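Trainee: A structural model of the following input is requested.
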Amino acid sequence: MDFVILSPPTTRRGTPYNPIMALNTGDQQTAFSIQIENFNGEPDKLEWFLQQITDLKQINKWSDEMTFLFLKSKLAGSALSWYASNPTCKNVTTFDDAVTQLRAFFRNDSTPLSNSAELHNIQLMPGESIRNLAHRIQVLTSRTYNLLEDAAALNQIQSIQLLNALPLKMKQKLIHEDTKNFSSLVEKAHFL
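Mentor: Residues are numbered from 1 along each chain as shown. Now for the predicted structure:
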C-alpha cells in the first residue's frame, strides 16, 4: 500500500493558499470574503447559501446593490438557467427581492399534497421558456413522486404534464410528433 502525503494548497509564489482574501470591488473595499460555493438549485442548500451571503453583506457593510450582484454571480446550473429565463426575475433589482424569488421557487418545505396540486395545475407562464417550464415540471415531479424509482413512469408523467401545461395549438402540433422521451418532447416544443 502506498502512502500519499498531502500538502496544503499553495499560490504561484509557493505561499500557503488562504480562502479568506480581500476583494476590490471598486468604490467599496471588502473587509474579507469567504469563498462561497455556487448555488446549483439544490433546495436543501438554499438557506445555507443565503445565510453566507447575508453574513458577508453585514461583515463587509455591502450595499444592497453589491450584495445583489454578488448573489447573481454565485448562481450556477439549474438555478442560473431558471433565474435567467424567469420573466419575473428580470424585474428584480434588490437582494431581498432576489431572495424571495429563490425561496419561492427552490423551497423544500412543501407537502406532497401541495406538490401534487401544483404539478397537476402547472401552466406555461407568459414570457416563460419551454425549458424553464420543463425544469419546473421536473422539480415538481421529483418532489411529488420522490419514492417512484421507475424512470419510464416518471418520464411519462413529465411528458403528460408538459403537454397539459402548453397552449392548445402547441399541444396539437406536439401530439402528432414522434417523441421518445420527455427530453425530446421538450426540444421539439422549444423549436415550435
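
Trainee: make it CA atoms for all contacts and neighbour counts henceforth
Mentor: Fine.

Trainee: counting by contacts, list what the helix or strand where Leu46 lies packs against.
Mentor: For Leu46, the host element (DSSP states H and E) is helix 43-60. Counting contacts by 3 or more CA pairs under 8 Å, 6 or more residues apart in numbering; DSSP states H and E, helix 43-60 packs against helix 64-73.

Trainee: list the contacts of the helix or strand that comes right after the helix it packs on.
Mentor: Following the chain from helix 64-73 toward its C-terminal end, the next helix or strand by DSSP H and E is helix 77-85. Where contact means CA atoms under 8 Å, 6 or more residues apart in numbering, the residues beyond helix 77-85 that reach it are Phe39, Asn40, Gly41, Cys89, Lys90, Glu128, Ser129, Asn132, His135.

Trainee: picking up where we left off before, could you give the angle of the helix holding Leu46 to helix 64-73?
Mentor: Computed with axes from the mean of the first three to the mean of the last three CA atoms, to 10 degrees, the direction of helix 43-60 lies at 150 degrees from that of helix 64-73.

Trainee: average pLDDT for helix 43-60?
Mentor: Summarised as a single mean, pLDDT over helix 43-60 is 87.

Trainee: sort out which residues of the host helix or strand of Arg131 are buried, please.
Mentor: In this assignment (DSSP H and E), Arg131 forms part of helix 130-144. When burial is assessed from 16 or more other CA atoms under 10 Å, helix 130-144 yields the following buried residues: 130-141, 143-144.

Trainee: if you count neighbours, what's buried in the helix holding Leu46?
Mentor: Of the residues in helix 43-60, those with enough neighbours to count as buried (16+ other CA under 10 Å) are Pro43, Leu46, Phe49, Leu50, Ile53, Leu56, Lys57.

Trainee: which one of those residues is nearest to Ser159?
Mentor: Pro43 (23.3 Å; CA to CA).
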